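Q: turn this into a model:
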Amino acid sequence: MVGIIWGFSFIVMKNVISYIAIFNLLGIRFIIAGLISAIIFHKQVLKMDLSTIKRGCLIGLFMFLGYVLQTFGLYYTTASKSGLITGFNVVLVPLLAPLFIKHTLKPLDIVAALIAFCGIGLLSISGPLHQINIGDILTLASSFMFAMQVIFISKYSKTSNNINSAIIQILFVGIASTLISLFMEDFTVVHYTHVWKDILFLAVFCTAFSFITQNSAQKYISASKTALILTIEPLSAAIFAYLLLGDVLGTRGILGAALVLAGMILSELKGQAAETS
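A: Coordinates of the predicted model:
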């Protein structure tokens with residue numbers, strides 16, 4: 001459910017960023033989500049300890065950088081390409097995980113990463129290298145941040161209150177974005193009803209529900225399994241972008257998308273086979 005919701009969020013974000021500045025949007029979206037979550041889970045919030053706050057802020061920093069890079073990237077690339085390139089974090093998780101948690105890097109991880117990189121190249125490069133879309137590069141950078149987020153959620157999930165940690169992560173992004181917006185942008189509250197509907201959808205479903213669900217679920221499943229399940233996100237983003245925005249990847253783009261998804265799935269199948277054996 002979270003993967004499908006996040007896939008659809010690329011379409012919503014693509015519409016909203018034409019009405020409101022990036023940090024302005026992220027501030028409103030995440031503060032609303034954080035406050036809603038804190039109210040619903042107020043009994044747990046009252047028991048929050050300093051360790052959870054510190055860990056939540058660290059993961060929140062990765063989230064913040066990821067969303068900033070991803071949202072800026074959406075200005076210059078399509079929703080379908082953004083969703084697919086962001087999904088490259090699924091391959092990055094097993095590559096980066098050994099640096100932070102117990103995880104053995106296998107040759108198949110490297111093969112999967114190379115396949116996915118070839119796919120990203122087909123998606124992003126339509127001419128000489130100097131014509132690479134800056135939005136694609138920013139989105140690729142965001143995928144590194146989201147990979148770190150998944151890894152550190154797994155690192156702390158068994159020793160922290162996952163709901164409290166998720167709330168801190170959400171509020172960190174909201175407060176950081178609002179502060180930057182106040183200093184760098186003309187912070188405003190939008191007056192368009194249809195934009196508020198989109199913002200509330202992003203806040204309630206794509207943020208509060210999704211991040212609390214992700215943090216809670218990762219207590220029971222590994223970072224690699226989380227990454228495998230979330231391969232539905234870039235695929236659903238491409239499908240929604242085609243159905244609702246008319247984004248057409250073309251033959252080259254479809255091949256690139258297939259390679260990205262193949263790399264993602266290949267990087268996880270060996271992990272599932274090992275666990276089965």
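Q: contacts, neighbours, all on C-alpha from now
A: Noted.
Q: any regions of the stretch 101-250 of the chain where pLDDT drops low?
A: Within the stretch 101-250 of the chain, the ranges that satisfy pLDDT under 70 run 103-105, 124-132.
Q: now do the buried residues in stretch 195-204.
A: For stretch 195-204, the neighbour count (16 or more other CA atoms under 10 Å) marks 195, 198, 199, 200, 201, 202, 203, 204 as buried.
Q: sort out for me which of those are in helices.
A: Per DSSP state H, helices hold the following members of the buried residues of stretch 195-204: 195, 198, 199, 200, 201, 202, 203.
Q: please identify which of those residues is nearest to residue 37.
A: residue 203 (10.1 Å; CA to CA).
Q: ok, that closest one touching residue 35?
A: No: the criterion here is CA atoms under 8 Å, and residue 203 misses it with residue 35 at 10.0 Å.
Q: gap between the spatially most central residue of the chain and residue 89?
A: Taking CA atoms, centre = their mean as the criterion, residue 146 is the residue nearest the geometric centre of the chain, at 5.3 Å. Distance, residue 146 to residue 89, by CA to CA, to the nearest Å: 6 Å.
Q: can you give me the distance of residue 212 to residue 165?
A: 9 Å.
Q: contact partners for residue 212?
A: 162, 163, 166, 167 (CA atoms under 8 Å, 6 or more residues apart in numbering).
Q: what's next to stretch 221-236, contact-wise?
A: By CA under 8 Å, 6+ apart, stretch 221-236 touches 2-8, 80, 83-87, 89-91, 93-94, 150-151, 154, 218, 261, 264-265, 268, 271-272.
Q: equivalent analysis for stretch 182-195, please.
A: 16, 19, 20, 21, 23, 24, 178, 181, 196.
Q: and the helices in the chain?
A: 2-16, 22-40, 42-45, 50-74, 79-86, 89-96, 107-124, 134-156, 162-184, 193-203, 210-217, 223-229, 232-240, 250-276.
Q: gap between the second one and the chain center?
A: If I follow you right, that is helix 22-40. Averaging C-alpha positions (CA atoms, centre = their mean, to the nearest Å) puts helix 22-40 16 Å from its chain's average.
Q: next one: the fifth one
A: Computed by CA atoms, centre = their mean, the separation of helix 79-86 from the middle of its chain amounts to 11 Å.
Q: again, but for the third one
A: The chain centroid and the centroid of helix 42-45 are separated by 26 Å, computed with CA atoms, centre = their mean.
Q: go on, the fourth one?
A: Centroid separation between helix 50-74 and its chain, computed with CA atoms, centre = their mean, is 10 Å.
Q: circling back: mean neighbour count, the helices of the chain: which tops it?
A: helix 79-86 (a mean of 29; mean count of other CA atoms under 10 Å).
Q: show me the contact partners of that one.
A: 7, 10-11, 14, 70, 73-74, 120, 123-124, 136, 139-140, 142-143, 233-235, 237-242, 247, 249, 257, 260.
Q: ok, stretch 254-261 next?
A: Contacts of stretch 254-261 (CA under 8 Å, 6+ apart): 84-85, 88, 115-123, 231, 235.
Q: also stretch 159-176?
A: Outside stretch 159-176, the residues that reach it (CA under 8 Å, 6+ apart) are 26-31, 33-35, 37-38, 41, 44-45, 48, 51-53, 55-61, 63-64, 207-208, 211-212, 215-216, 219.
Q: switch to 7 Å and redo it
A: Under the contact criterion CA atoms under 7 Å, 6 or more residues apart in numbering, stretch 159-176 has outside partners 26-28, 30-31, 34, 37-38, 44-45, 48, 52-53, 56-57, 59-60, 63-64, 211-212, 215-216.
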